[in-house]
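> I would like to see how this sequence folds:
(2 chains)
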There are 2 protein chains.
Amino acid sequence: MQLTSFTDYSIRTLMYLAAHSQDISSVGKISEYYGISRNHLVKVVHQLAQFGYIETSKGRGGGIKISEGATTLKLGDLIARLEPNMDMVECFDSKTNTCRITDSCQLKHYLHEATRAYIDALNQYTLADTIMNKEILFS
Amino acid sequence: MQLTSFTDYSIRTLMYLAAHSQDISSVGKISEYYGISRNHLVKVVHQLAQFGYIETSKGRGGGIKISEGATTLKLGDLIARLEPNMDMVECFDSKTNTCRITDSCQLKHYLHEATRAYIDALNQYTLADTIMNKEILFS
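Numbering: from 1, shown residues only, chains lettered A, B, ... in the order given. Have a look, this model is predicted:
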């Protein structure tokens, strides 16, 4: 059970931008800072902009910055949005499910409850909490 | 965030065997019952036997059955054992981690807490709980 590297890189990008909220940043700077492939980050930044978490501006002096209010994003909700899906097992997606015991199976309820507990635990924290010690993090 | 199909099939296999604990079963029967590839199930059964969750016997009248006591397995512990890893993000594995903010990053603590909440929520239930209504499940 893992988060995708897309989610991992997305959160790192948001942390970087939240910690540098006074500056205009760029894919190049973040790519260099973390040593993450520029190609990966272009996709990450595109998606984060689509979700409204970051703002992009073109031209001389353009770049990317965190959107106003994005630091109040709850981490559980953020991760649930960034992940392609939270389908623990096949039957979580009724459109593709083939398991024949689904209707009366208790396991799916237990797994839904656990997934909820995971999201709720993360929702105690916001993006702002992840950069509380930003001077040390990005020194 | 998903469990692997290996974990999914392992739990289904254990549920089937727990519900048919009086019988000697086989990979063929379980494969046919769920419509899961026989090749997948051979690997699943091999691993479950290695973990001691099931017993295998060879020869005429041989097959597989649930091990004594396996129905008391807690689902969280079971899933943590079956999954190849529970490394939410890169820094959960210090041997391969490249993220430069790891030392002072709070995110890993929040993700560890959430993963613990996930496992704990599942540990409220045992394999036996998943087959409480076994007459309906495997009718």
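> Going by C-alpha atoms from here, please, whenever you check contacts or count neighbours.
Noted.
> helices or strands up against the host helix or strand of residue A:64?
Assigned by DSSP states H and E, residue A:64 belongs to strand A:63-66. If you count contacts as 3 or more C-alpha pairs under 8 Å, 6 or more residues apart in numbering or on different chains; DSSP states H and E, strand A:63-66 packs onto helix A:5-19, strand A:54-57.
> Out of those, flag the one nearest chain B.
helix A:5-19 (6.0 Å; C-alpha to the nearest C-alpha).
> Show me which of the helices and strands packed on strand A:63-66 has the highest average neighbour count.
Most buried of the helices and strands packed on strand A:63-66, by mean neighbour count (mean count of other C-alpha atoms under 10 Å in any protein chain shown): helix A:5-19, with a mean of 21.
> Now the element after that helix, going C-ward?
Toward the C-terminal end, the helix or strand that comes next after helix A:5-19 (DSSP H and E) is helix A:27-34.
> hmm, that following helix touching chain B?
Yes: if you take C-alpha under 8 Å from any C-alpha of the partner chain as the test, helix A:27-34 does meet chain B, through residue A:34.
> orientation of that helix relative to helix A:5-19 in degrees?
Relative orientation of helix A:27-34 versus helix A:5-19 (axes from the mean of the first three to the mean of the last three C-alpha atoms, to 10 degrees): 100 degrees.
> Export helix A:27-34 to CSV, keeping only CA atoms.
What follows is helix A:27-34, C-alpha atoms only, in CSV (Å, rounded to 0.1, in the frame of the first residue of the first chain):
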residue,chain,number,x,y,z
VAL,A,27,9.4,24.0,-12.3
GLY,A,28,13.2,24.2,-12.8
LYS,A,29,13.9,25.5,-9.3
ILE,A,30,11.7,22.8,-7.7
SER,A,31,13.1,20.1,-9.9
GLU,A,32,16.6,21.1,-9.0
TYR,A,33,15.9,21.5,-5.3
TYR,A,34,14.5,17.9,-4.9
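> As JSON lines, the helices and strands packed on strand A:63-66 with distance to chain B and mean pLDDT would be great.
Shown next, in JSON lines, are those (distance: least, C-alpha to the nearest C-alpha, whole Å; pLDDT from 0 to 100):
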{"stretch": "helix A:5-19", "distance to chain B": "6", "mean pLDDT": "96"}
{"stretch": "strand A:54-57", "distance to chain B": "19", "mean pLDDT": "96"}
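> can I get those in JSON lines with distance to residue B:123?
Listed next are the helices and strands packed on strand A:63-66 as JSON lines, based on distance: least, C-alpha to C-alpha, whole Å:
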{"stretch": "helix A:5-19", "distance to residue B:123": "27"}
{"stretch": "strand A:54-57", "distance to residue B:123": "39"}
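> ok, back up a step: pull the CA atoms of the strand holding residue A:64 into PDB?
Provided in PDB are the C-alpha atoms of strand A:63-66 (Å, rounded to 0.1, in the frame of the first residue of the first chain):
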ATOM      1  CA  GLY A  63       6.300  31.300 -12.900                       C
ATOM      2  CA  ILE A  64       4.300  29.500 -10.300                       C
ATOM      3  CA  LYS A  65       3.100  30.300  -6.800                       C
ATOM      4  CA  ILE A  66       0.900  28.800  -4.200                       C
END
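> and that strand, how far out from the chain's middle?
Centroid separation for strand A:63-66 versus its chain: 16 Å, with C-alpha atoms, centre = their mean, to the nearest Å.
> before we move on, what about stretch A:2-19?
Put simply, stretch A:2-19 sits 6 Å off its chain's centre (C-alpha atoms, centre = their mean).
> Show me the one of the helices and strands packed on strand A:63-66 that comes nearest residue A:73.
helix A:5-19 (10.4 Å; C-alpha to C-alpha).
> Any chance you could list what contacts that closest one?
Applying C-alpha atoms under 8 Å, 6 or more residues apart in numbering or on different chains, the external contacts of helix A:5-19 come out as A:25, A:30, A:40-41, A:44-45, A:48, A:53-54, A:65-66, A:71, A:79, A:82-83, A:127-128, A:130-131, A:134, A:138, B:89-90.
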